[in-house]
Structures are given as C-alpha cells and as structure tokens.
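Visitor: Based on what follows, work out the 3D shape:
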Amino acid sequence: MAKQIPLILLGGGLPVTPMVSRRSRVQGDRCAALLRLIYRQDRTIDARAIAHDIREQFAPLNGRVSVLNTVVPHAKAYKEAATLRIPVHRHERRRRGVTPSACAVMHQLAWELIPSLGGEFAGAFPLRNRAA
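Guide: As a prediction, this is how the structure comes out:
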C-alpha cells in the first residue's frame, strides 16, 4: 500500500502529492533529491522575502529537497508563448527593463539543472541580456 506525502508546488500551482511506497522505504531504496522551482515571482519585496523564507524552510532537509536558484518571473511572455505554442526561449529572446528575458531565464534554468550545458545556447545564439 502506498502512503501519500504532501508536497507543495511553489508559485501558485496545484499541490503535488507523490506516492511513496512503504515497501521502498522498508527495503532501503532512496528517492532522488527533489528540486523545487519558484515560478511566477513578482518583482516585489514581499515576493523576495517569501522566496527567501521558502529556501530557509527547505535548508534543514540537507539537500533531499532544495529550491533552485533560478526563479521564473511573472511575465506575460510565458502566457503568450503558450498561446502561440512555441518555446518561450524563442518567443522572448530579449526584453527591456530589469526583468531578464524568458530566453535568459530558460538558459539559466537549463544550466542549473544540467551543469555540463553551461554556456551552451539553444539555437547557437549568444545572449546579450544575461541577467538572472
């Protein structure tokens, strides 16, 4: 029989409840580390404070559950790309202002998840706006 362990999908999504079987825990099987992504973060002091608190709450878990450093900002480019059915990194390659472009954010995320890809760009184009 499987036991449900509640976990939170950060950023306003639906709660995620993965199934962990009792048999796996008894046999000593270990689950891979869980990585959490904060997405749709507003550019407010409150949002940054909440993200900081979330990271601190996961710190005692010694890496079993951690929050990624890359944060996906709340921006209309993500909705537009979904509507157009194209990857967001191709929809918004550059943007003006302090918020990094969707392309820059997606590259930062890929590099954080797969460090061996660091510095590699999708479509072989370099980014001018690399703020993350």
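Visitor: For this protein, which segments count as strands?
Guide: 2-4, 19-21, 34-41, 65-73 (DSSP state E).
Visitor: Now mean pLDDT too, for the ones you listed, in JSON lines please.
Guide: JSON lines is the format used below for the strands of the chain (pLDDT from 0 to 100):
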{"stretch": "strand 2-4", "mean pLDDT": "40"}
{"stretch": "strand 19-21", "mean pLDDT": "43"}
{"stretch": "strand 34-41", "mean pLDDT": "88"}
{"stretch": "strand 65-73", "mean pLDDT": "89"}
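Visitor: Dump these to CSV, plus mean neighbour count.
Guide: In short, each C-beta sits where N, CA and C put it, glycine included. Converted to CSV, the strands of the chain look like this (neighbours: other C-beta atoms under 10 Å):
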stretch, mean neighbour count
strand 2-4, 10
strand 19-21, 12
strand 34-41, 17
strand 65-73, 18
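Visitor: Can you name every helix or strand that the longest helix along the chain contacts?
Guide: For the chain, the longest helix by residue count, based on DSSP state H, is helix 45-58. Applying 3 or more C-beta pairs under 8 Å, 6 or more residues apart in numbering; DSSP states H and E, we find helix 45-58 packed against strand 34-41, strand 65-73.
Visitor: Dump those strands to CSV, plus distance to Ser101.
Guide: Shown next, in CSV, are these (distance: least, C-beta to C-beta, whole Å):
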stretch, distance to Ser101
strand 34-41, 15
strand 65-73, 10
